[in-house]
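Enquirer: Sequence and computational prediction follow.
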Amino acid sequence: MTTHAEHGDRERDSRPQESRRPATAAPKPAYDFIVCGAGASGSVIARRLAENADVQVLLIEAGSDDEAETVLDPAAWPVNLGSERDWGFQAQPNPHLNGRALSMSMGKGLGGGSSINVMVWARGHRSDWDFFAREAGDTAWGYENVLDLYRRIENWQGEPDPEYRGSSGPVWVQPACEPSPIAYAMLAAAREIGVPTYEHPNGRMMEGPGGAALTDMLVRHGRRHSLYRAYVHPWRDRPNLTILTGTTVLRVMIEGKRATGVEVLHDGQVVSIGARAEVVLSLGAIQSPKVLMHSGIGDEAELARHGIDVVQHLPGVGQNLQDHVSFGCTWEYREPIAPRNSGSEATLYWKSRPDLDAPDLVFCQVEFPVPSDRTAARGVPEHGWTMFAGLAHPESRGRLRLQDANPLTPLAIDANMLSDPADIATARRCVELCRDLGNAQAFRPFVKGEAMPGEIKGAALDDYIRDAAVTYWHQTCTNKMGRDEMSVVDASLRVYGIDGLRVADGSIMPRVTTGNTQAPCAIIGERAAEMLRMAHAA
C-alpha cells in the first residue's frame, strides 16, 4: 500500500527538474496573460494557465523570492511581521479602539501571505460559500462545487476521509505534528463546555454549528508549504512562465474599455507590458483596489478629487473592507511549555448565541502570550498561552481612500473595527467563552492562573475589548463580487464595464469567510483559472 507521503514524494520526483535560471527575468513586450501578485490566489492562477504550453504567462510580484529561513521555518513566522516581507500597512487611528492605529500586515514576496502567515488551512463554512453563490447568482460558487475543488487540490496527510478530503492534489495539508499537550487540553476543555470535537476542522465540523479540532497546516516535511511552493515552484522553469520579482504594478493600461496591459516599476524604471488576452489582479484587498483606482476605475468623485481620469465609475472599489478582529485572553503556565510547530495547533469555531445556525466566533490557540500594545501594560506572564479569539462575521465595515494621484503613495486605511454596536455585544460573549475555555478543568494541570482579562464586566470589559482588539490579518472584501451597485466584479470575476480585466483574490469576497482566508483564496484562484481557460479555449 502506498502511503500519502510516498505518493507525494513520487509526485515531486516526477515534476520538471528545477531550473538554474533566475526566478526573475527582464520582461518581454507582451504576454497572453499577466497575473499581478504571487500570493495565495495569483500563484494558483499562474500555474493553471501555464499548464497550457501554448500561452505565455507573466507572474508579477513586488517582493522577493521565498528562499529564506524565516519563511521556510514554520516557527519563525512572527519574525516576518514588520520585515521587508511585509507590506507594513497601517490603519488610521480608530475611535472605536480607544484611538489606536493598528498595523495590518500583508505578505510581500513569492507566496504573499501564504509565505508569512501561521499556515492554517481553513476552508470556510458551508454557509459562506452558499452566500457567495447567492450574491453572485451562480451556483458554481456554492458549497458543493467548492467541496469538490478542495478534494481535487488537497494532498491530505491525516486519516483518510474521502467524503471531504483529497489525496492527490498539489496542496500538502497535514494535522499539527506531535502537538503540544496544551492543544489537547483545549479540545478537552471544549468538550467540558459542550463544544463537540472532530478529527479535523475541514469537513463535517464546518457544515453545522462548529466545533473544535487540531489545526490543519500547510507544512511539509517540517517546512512551510506555501501556495507558491505548492503551485508555482515546481513549474518555475517552464519556458512559457515568466516570474518577475521586485516589480510593483502601478496601474492597468486601458484603451477604450479594454485592459491592454500593465504599467510597472521595474529596476527603478516605469515599464509598460502588454497583455494579449487578459490582466488578472491578485494583489490582495489593499493593493488590488488601489491599482484599480489609479487606473481610473472606482468612485468618480474620489478619482476626480485627485485628478485621475475616470474610465469606469464603480463606487464599491475600496469599500466593504472586512477583517477578523481578535481579543487575546491569556493564561500563565505552571511550568514553561515550549511552543511546537507554528505555535498554534488547536482551533475552535462556535456560536455567540444559540439561535444561530453557523459559527460567528473563531478561536485559535496560541502557545505563547499575545498581548496588544495596550494590554501589554496589564502585565504579561513570561510563560503562558493565549486564546486568540474573535469575530468570524463582524458587522463593521471599513474603507480605503487615495491620498493623492501617486501610485506609490500608500492608501488611507479606515478599518473602522468595532464601529457597529453589534460587534461589541458579540465580542463580550466571545471573551466570556474564552474565559470558560481557559478556566476549564482540562487546563488545571498546566495553568497557574488567568493573567487577563480576569473577572471584569460592563464598561471595564468593553474597555478591555477596545484595548485588546487586533487584526487577524484577514483583510478582504474591498472589490466584492455581486450584482448590486456596490459590486466590483461579476460571478466570473470580470471587472464591471472593462473587458480583459479580472480580480481574483480575497478582495472579491462578498463577506469574509469563517476562519483563516488562505484556503478560500486558493479556491478563488482555481475558479478564476477555470473561467479564464474556458473563455480563451482554442
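Expert: Happy to help now that I have it. Residues are numbered from 1 along each chain as shown.
Enquirer: if I've got this straight, residue 189 is in a helix?
Expert: Yes. When DSSP: H, G, I helix; E, B strand; the rest coil is applied, residue 189 is found to be in a helix.
Enquirer: Was I right to think residue 33 contacts residue 275?
Expert: Yes. Assessed by CB atoms under 8 Å, residue 33 is found in contact with residue 275 at 6.6 Å. The way it works is simple: take the backbone N, C-alpha and C, and place the C-beta from them, glycine included.
Enquirer: May I ask you to name the longest strand in the protein?
Expert: What stands out as the longest strand in the chain, according to DSSP state E, is strand 269-281.
Enquirer: mind saving the C-alpha coords of that strand as PDB?
Expert: In PDB, the C-alpha atoms belonging to strand 269-281 read as follows (Å, rounded to 0.1, in the frame of the first residue of the first chain):
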ATOM      1  CA  GLN A 269      12.100  52.300 -14.400                       C
ATOM      2  CA  VAL A 270       8.500  52.600 -15.400                       C
ATOM      3  CA  VAL A 271       7.800  49.900 -17.900                       C
ATOM      4  CA  SER A 272       4.700  49.100 -20.000                       C
ATOM      5  CA  ILE A 273       3.900  45.400 -20.600                       C
ATOM      6  CA  GLY A 274       1.100  44.300 -22.900                       C
ATOM      7  CA  ALA A 275      -1.500  41.600 -22.300                       C
ATOM      8  CA  ARG A 276      -2.900  39.900 -25.500                       C
ATOM      9  CA  ALA A 277      -5.700  38.100 -23.600                       C
ATOM     10  CA  GLU A 278      -6.300  39.300 -20.000                       C
ATOM     11  CA  VAL A 279      -4.900  41.000 -17.000                       C
ATOM     12  CA  VAL A 280      -5.700  39.500 -13.600                       C
ATOM     13  CA  LEU A 281      -5.200  41.500 -10.300                       C
END
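Enquirer: Packing partners of that strand?
Expert: Packing partners of strand 269-281 (3 or more CB pairs under 8 Å, 6 or more residues apart in numbering; DSSP states H and E): strand 30-36, strand 247-255, strand 258-266, helix 284-294, strand 501-503, helix 518-535.
Enquirer: What's the local residue count around the closest residue to residue 207 other than its chain neighbours?
Expert: The shortest distance from residue 207 to any non-neighbouring residue, by CB to CB, 6 or more residues apart in numbering, is to residue 126 (4.7 Å). Residues near residue 126, counting by other CB atoms under 10 Å, number 19.
Enquirer: Could you do residue 205 as well?
Expert: Neighbour count for residue 205, taken as other CB under 10 Å: 24.
Enquirer: again, but for residue 28
Expert: For residue 28, using other CB under 10 Å, the count is 11.
Enquirer: cool, and residue 256?
Expert: Using other CB under 10 Å, residue 256 is surrounded by 8 other residues.
Enquirer: Mind pulling up the pLDDT for it?
Expert: The score at residue 256 is 94. That number is its pLDDT.
Enquirer: any idea how far residue 281 is from it?
Expert: Counting by CB to CB, to the nearest Å, the separation of residue 256 from residue 281 is 19 Å.
Enquirer: and if you look at residue 332?
Expert: For residue 332, the distance to residue 281 - CB to CB - is 46 Å.
Enquirer: same check, this time on residue 355
Expert: 39 Å.
Enquirer: Those two: which has the busier surroundings?
Expert: Using other CB under 10 Å as the criterion, residue 355 and residue 281 rank with residue 281 on top: 33 against 6.
Enquirer: give the contact list for the more buried one.
Expert: 36, 37, 249, 252, 288, 291, 292, 501, 502, 503, 504, 505 (CB atoms under 8 Å, 6 or more residues apart in numbering).
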